[in-house]
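S.K.: Next comes the sequence, and after it the predicted model I'd like to discuss.
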Amino acid sequence: MLQLGIIGTGAIAHHFIAAAHQTKHYQLAAIYSRTMESAKAFAERYQQSLQLYTDMEEFLTSTIDILYIASPNSLHHGQAKAALLAGKHVIIEKPAVTRPEEWADLVTIAKEKQVFVFEAARNYHEQAFTTISDFLVDKEIWGAHFSYAKYSSKMPDLLDGKTPNVFSSQFAGGALMDLGIYPVYASVRLFGAPISARYTAQQLPNTVDLNGSGQLMYPNFQVTIQTGKNIHSSLPAEIYTNQGTLVLDTIEHISSAIFHPLKGEAEVLAITQAPHTMLEEARQFATMIEQPQPELYENWLAAAQAVHTTLYRMRQDAQIYFEGEPHENDTSC
Ligand SMILES: NC(=O)c1ccc[n+]([C@@H]2O[C@H](COP(=O)([O-])OP(=O)(O)OC[C@H]3O[C@@H](n4cnc5c(N)ncnc54)[C@H](OP(=O)(O)O)[C@@H]3O)[C@@H](O)[C@H]2O)c1
């Protein structure tokens, strides 16, 4: 049983713990929070006695085996690095990093320390994508359209003149980093790393994006990406092939995939949606630690590298710059 520690006491950490416990591979053991008050409030939901920490060093030298990091985005790299150096396996919420070199850095440290690093990109680990890949294997891909946009619960604060973390430049927020990462992961999962990428966005004065659309370029086709946090999209996903169009109800937590051939009857693919959005990733991470599959693990690491390279290119194209990042319009350096 993997002894699980948590950094970040937001709602998503409770969701992950529920999924982790459902797998029966993890046992929640410790919580790190900036304040004892929020650590205690978070722990109240659980029956067992938990170790609570406000000191990161003490937390990282405790008996936990694996950490789940669900803090604001820009803190992930530093916290994950410290945890890996302390010899812990690490699951980092998406986006695990804000720049591709940070991911390469974490992978190097994890290998040196002989521990695993995972990005909690939950849709990448859905069994549905294996079914879809298998179905597409004899077809020529001619393009795709992947959309993921949800009106954020933090929009009222933003409209009130506040800057919630998810819209802040300090914490590497914005639609692309928060939700656009799912369509990018879907594309990398199905078609591999794109050769280049574009993005145009509606942006705040701090350059962070509210919504936007872009293209991922492959040698013979393009994938159109749409994302947003000030809009809501109900568009299904479409994959265009030489034999017809495959329509998915969504690109995360997929429950249906229907192929509409150029001629003939529609074909329904056998998709089984997991009962919890985070169950499949939680199970796969635990299985990888307990029965390592080096080739598969390398695929996950390479996919994350491709995703972060792509997100970075898209940000550069739209001129989205996070706090402390040098950029061409910056007059301070
Ligand atoms: N996979 C999914 O479906 C999913 C869904 C939602 C979010 N996420 C990801 O989960 C992560 C957290 O998102 P969230 O919306 O929960 O973020 P958040 O509410 O801004 O922060 C999460 C936690 O991080 C700590 N924190 C907040 N501000 C901090 C600061 N200034 N310095 C240090 N720690 C701070 C807080 O815990 P303490 O007060 O206890 O320190 C807080 O509860 C993000 O990376 C997001 O992309 C994933």
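M.R.: That came in fine, so what should we check first?
S.K.: Assess the claim that Tyr124 and Tyr185 are in contact.
M.R.: Yes: contact criterion C-beta atoms under 8 Å: Tyr124 and Tyr185 qualify, at 4.7 Å. For the C-beta atoms, the positions are set from N, CA and C on the backbone; glycine is no exception.
S.K.: who has more neighbours, these two?
M.R.: More crowded of Tyr124 and Tyr185, by other C-beta atoms under 10 Å: Tyr185, with 27 against 24.
S.K.: So what touches the helix or strand harbouring that one?
M.R.: Secondary structure from DSSP states H and E places Tyr185 in helix 181-191. For helix 181-191, contacts defined as C-beta atoms under 8 Å, 6 or more residues apart in numbering pick out 94-95, 121, 123-124, 129, 132-133, 136, 141, 144, 146-148, 194, 216, 218, 223, 225-227, 237, 239, 251-252, 303, 306-307, 310-311, 314.
S.K.: Sort out which of the residues you listed are buried, if you could.
M.R.: Buried residues within the contacts of helix 181-191, defined by neighbour count using 16 or more other C-beta atoms under 10 Å: 94-95, 121, 123-124, 129, 132, 136, 141, 144, 146-148, 194, 216, 218, 223, 225-227, 237, 239, 251-252, 303, 306-307, 310-311, 314.
S.K.: Excluding chain neighbours, give the residue nearest to Arg99 in space.
M.R.: Closest residue to Arg99 apart from its sequence neighbours, by C-beta to C-beta, 6 or more residues apart in numbering: Tyr312 at 5.7 Å.
S.K.: Find the helix or strand that the one you found is a member of.
M.R.: Using DSSP H and E, the element containing Tyr312 is helix 294-318.
S.K.: what packs against that helix?
M.R.: Counting by 3 or more C-beta pairs under 8 Å, 6 or more residues apart in numbering; DSSP states H and E, the packing neighbours recorded for helix 294-318 are helix 100-113, strand 117-120, helix 181-191, strand 196-203, strand 209-217.
S.K.: As TSV, these with mean pLDDT and distance to Gly173 would be great.
M.R.: Compiled in TSV, the helices and strands packed on helix 294-318 are given as follows (pLDDT from 0 to 100; distance: least, C-beta to C-beta, whole Å):
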stretch	mean pLDDT	distance to Gly173
helix 100-113	98	16
strand 117-120	98	17
helix 181-191	98	12
strand 196-203	98	12
strand 209-217	98	9
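S.K.: Mind checking the ones you listed for the one nearest to the ligand?
M.R.: Nearest of the helices and strands packed on helix 294-318 to the ligand, taken as C-beta to the nearest ligand atom: strand 117-120 at 5.7 Å.
S.K.: The stretch 51-200 of the chain: strands as residue ranges?
M.R.: In the stretch 51-200 of the chain, the strands defined using DSSP state E, counting those that start in this stretch lie at 51-53, 66-69, 89-93, 117-120, 141-149, 196-203.
S.K.: Briefly note if the fifth one comes near the ligand.
M.R.: If I follow you right, that is strand 141-149. No: for strand 141-149 and the ligand, the contact criterion (C-beta under 6 Å from any ligand atom) is not met; the two come no nearer than 11.1 Å.
S.K.: and this structure, what are its domains?
M.R.: Domain ranges of the chain: 2-120, 124-318, per automatic domain parsing.
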